[in-house]
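Participant: Following is a predicted model, sequence given first.
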Amino acid sequence: MKNRTSLTLFFCIFLLLLLGACQKDENKTAQLDEGNDMEEQQEEQNYLYQDEMVKVVDTAGWKKEQENTDDRDNNIVFKNGKVKVILTSVSNERSLDEIKRELKASFGNSEAIEETEQYLSLKTNRKDSVRTDIYLNNGTKQTGIIIFMTPLKDYETNQAIIEEFKQNIQFF
């Protein structure tokens with residue numbers, strides 16, 4: 001009788017362990033399914049612009065401006081109110097310092113507000129001053145460049161939409 005009780009007790013413990021293992025397996029499967037759903041949602045995201053160089057997630061208030069038909073000009077321009085963004089890229093043959101030097105020269109009569117390795121902020125010296133924030137994204141073959149331009153007087157009020165849009169740009 002004692003053997004039968006021990007055997008029954010052992011069998012019950014075995015069943016509990018087996019059920020617990022199955023429960024953990026179901027949780028893992030559910031978590032994997034949730035992860036796959038999130039990946040599918042990201043793939044189904046609407047893009048404001050997408051090509052082999054960059055993806056821009058559709059962001060409230062932002063519109064893509066007319067494309068240039070000139071094949072030499074690979075600039076992509078977006079606008080939201082008084083804020084304008086230009087996306088472009090250059091070959092990695094140039095260093096980030098060379099790129100920043102060329103960008104500074106292209107803005108003519110301006111002064112630097114702030115500069116780090118991958119960021120440059122300029123202010124034009126005009127009656128209606130424009131603030132320009134330039135972000136450099138060093139990729140494997142190209143350096144992606146994001147240029148935000150906004151009237152200096154409107155910069156603070158537009159900071160949130162600039163940051164949101166910047167987060168929705170992905171260079172390859």
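Facilitator: Structure's in. What do you need?
Participant: distance of residue 54 from residue 161?
Facilitator: Distance, residue 54 to residue 161, by Cβ to Cβ, to the nearest Å: 19 Å. Placement of C-beta: from N, CA and C, glycine included.
Participant: So those two - more neighbours on which side?
Facilitator: residue 54 (22 against 18; other Cβ atoms under 10 Å).
Participant: Just give the nearest non-adjacent residue to the more buried one, would you?
Facilitator: Nearest non-adjacent residue to residue 54, counting by Cβ to Cβ, 6 or more residues apart in numbering: residue 171, 5.1 Å away.
Participant: Now do the contacts for the one you found.
Facilitator: 53, 54, 89, 137, 139, 142, 144 (Cβ atoms under 8 Å, 6 or more residues apart in numbering).
Participant: Next, give me the two most distant ones among those residues.
Facilitator: Within these, 53 and 137 form the most distant pair, 10.6 Å apart (Cβ to Cβ).
Participant: Overlap in contacts, these two.
Facilitator: In contact with both residue 53 and residue 137: 144, 171, using Cβ under 8 Å, 6+ apart.
Participant: Could I get the full set of helices for this protein?
Facilitator: Ranges of helices in the chain, per DSSP state H, are 2-43, 96-106, 155-167.
Participant: pLDDT averaged over the first one, what's the number?
Facilitator: On average, the pLDDT along helix 2-43 is 51.
Participant: Counting neighbours, what do you get for residue 159?
Facilitator: 14.
Participant: How about residue 122: which residues does it bridge to?
Facilitator: The partner list for residue 122 in beta bridges (DSSP bridges) reads residue 112, residue 132.
Participant: Next, the contact list for it, please.
Facilitator: Residues counted as contacts of residue 122 (Cβ under 8 Å, 6+ apart) are 104, 107, 110, 111, 112, 113, 131, 132, 134.
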